[in-house]
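Participant: What would the 3D arrangement of this be:
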Amino acid sequence: MHVWQATALAATGGREQLPGVVQTVVLDTASDVAWLQCSPCPAPACYPQTDVLYDPSKSSASGIFSCNSATCRQLGPYANGCLNNQCQYRVQYPDGRSSSGTYIYDLLTLTPTASVPKFLFGCSHAVQGQFSGSAAGIMALGGGPESLVSQTASMYGRVFSHCFAATASRTGFFILGVPRVASWRYVLTPLLKIPALPPTYYMVRLQAITVAGQQIAVPPTVFAPGAALDSRTAITRLPPTAYQALRQAFRDRMTMYRPAPPKGPLDTCYDMTGVRTFALPRITLVFDRNAAVELDPSAVLYEGSGCLAFAAGPNDLVPGIIGYVQLQTLEVLYNIPAGLVGFRHAAC
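Facilitator: Numbers count the residues shown, from 1 in each chain. Predicted coordinates:
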């Protein structure tokens, strides 16, 4: 899980400027409605969190939307009816988790000099499923109209980037707007437009995978459905045909280590007893237009488990997922108007 700790919501915003409260949120490139747990939020409907619970009643800048407001009517799949003439929302995630509550607005402070006066988000009064208490909610960065990226389009032009650090001793970053890095330092691949999918998802297409410099044998049609860049999901899901080929190529180059039992969806695991470091084969994801992205070693095995950090999707016809583990140490640049995604190595 990768979080952003620079979000301040409520009246004056800012880390030192009370009554604004700093809230730690998970960055999610595959959803559109941001939300925070809000007071009142009793257990077990809500989960215990480290941050102070956000209380919109203490903010002079906050407000609600009536059920017949244009904003409420435009919530589409996130609309969840009406309660006391207050617009209700619900976000359902593919893993079964959800958040529901009142759709509101408040001042969002991004930096000491940049803020969004009426940022729209969910005031969550109930969740389903497990959420980490180290985050107070989720900051949605998807392509839909409700996301932070869309709400700040006039300020930042629907361009943003992130880099997730591989260890706690290193620092990642999240940038809204065009980064101050020369464009030639990125490898670029097109964003796919898939009419059958909502605009939420940033879709790219793999064209090949190499292990230790050797391309695995996978028909190009296997990658045709594309894959979503999803910073909320840990493990990359590949079409089963591609995953089986990757798994075999990886196992063939890991014969010097003792196999270990599978751990959940991770079926290629190794006994780490007495092993300080693994000599891992290089894995490179090659995206459309030959955008080759060599994965950092931290992106090959899953967080100290000794398991290959990839899994198979349901079938070859379902789009895949590029999870945050594989994106570690890479700057991923989303230039939505240009229809491009960029990758920059060793950025954090």
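
Participant: Is it correct that A34 is in contact with A140?
Facilitator: Yes: with the criterion set as CB atoms under 8 Å, A34 and A140 qualify as a contacting pair; they are 4.5 Å apart. Heads up, the C-betas are built off the backbone N, CA and C, glycines and all.

Participant: shared neighbours, those two?
Facilitator: Here A34 and A140 have 146-148 as joint contacts, going by CB atoms under 8 Å, 6 or more residues apart in numbering.

Participant: Among those, which one has the most neighbours?
Facilitator: Each of these was scored for neighbours by other CB atoms under 10 Å, and L148 scores highest at 27 neighbours.

Participant: my guess is that one contacts A34, does it?
Facilitator: Yes: with contact taken as CB under 8 Å, L148 and A34 are classed as touching, separated by 6.1 Å.

Participant: okay, and the common contacts of the two?
Facilitator: For the pair L148 and A34, residues contacting each of them under the criterion CB under 8 Å, 6+ apart are 119, 139-140.

Participant: Secondary structure and pLDDT added to these, as CSV?
Facilitator: Converted to CSV, these look like this (DSSP: H, G, I helix; E, B strand; the rest coil; pLDDT from 0 to 100):
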residue, secondary structure, pLDDT
F119, strand, 96
M139, strand, 95
A140, strand, 96
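
Participant: Most neighbours among those residues, which one is it?
Facilitator: A140 (29 neighbours).

Participant: bridging residues for that residue?
Facilitator: On DSSP bridges, the residues paired with A140 through beta bridges are D28.

Participant: List the residues that contact it.
Facilitator: Neighbour list for A140: 28, 31-35, 146-148 [criterion: CB under 8 Å, 6+ apart].

Participant: by contact count, what packs against the longest helix anywhere in the chain?
Facilitator: Under DSSP state H, the helix in the chain containing the largest number of residues is helix 240-252. Contact here means 3 or more CB pairs under 8 Å, 6 or more residues apart in numbering; DSSP states H and E; on that basis helix 240-252 packs against strand 206-211, strand 310-312.

Participant: re the thing from before, what's the closest of the contacts of A140 to S134?
Facilitator: Closest approach between the contacts of A140 and S134, by CB to CB: D28, at 14.8 Å.

Participant: Hmm, the closest one is touching S231, no?
Facilitator: Yes: contact criterion CB under 8 Å: D28 and S231 qualify, at 6.0 Å.

Participant: between those two, what contacts are shared?
Facilitator: Contact with both D28 and S231 is made by residues L141, according to CB under 8 Å, 6+ apart.

Participant: mind listing the helices for the stretch 201-348 of the chain?
Facilitator: 240-252, 324-327 (DSSP state H, counting those that start in this stretch).

Participant: With distance to H162 added, can I get the ones you listed in JSON lines?
Facilitator: Converted to JSON lines, the helices of the stretch 201-348 of the chain look like this (distance: least, CB to CB, whole Å):
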{"stretch": "helix 240-252", "distance to H162": "25"}
{"stretch": "helix 324-327", "distance to H162": "8"}
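
Participant: between the ones you listed, which gets nearest to A153?
Facilitator: With distances scored as CB to CB, the stretch of the helices of the stretch 201-348 of the chain nearest to A153 is helix 324-327 (23.4 Å).

Participant: send the alpha carbons of the closest one over as PDB?
Facilitator: Taking only C-alpha atoms (Å, rounded to 0.1, in the frame of the first residue of the first chain), the coordinates of helix 324-327 have been written out as PDB:
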ATOM      1  CA  TYR A 324       2.000  -1.200  -7.500                       C
ATOM      2  CA  VAL A 325       4.700  -3.800  -6.600                       C
ATOM      3  CA  GLN A 326       5.800  -3.800 -10.200                       C
ATOM      4  CA  LEU A 327       5.800   0.000 -10.300                       C
END
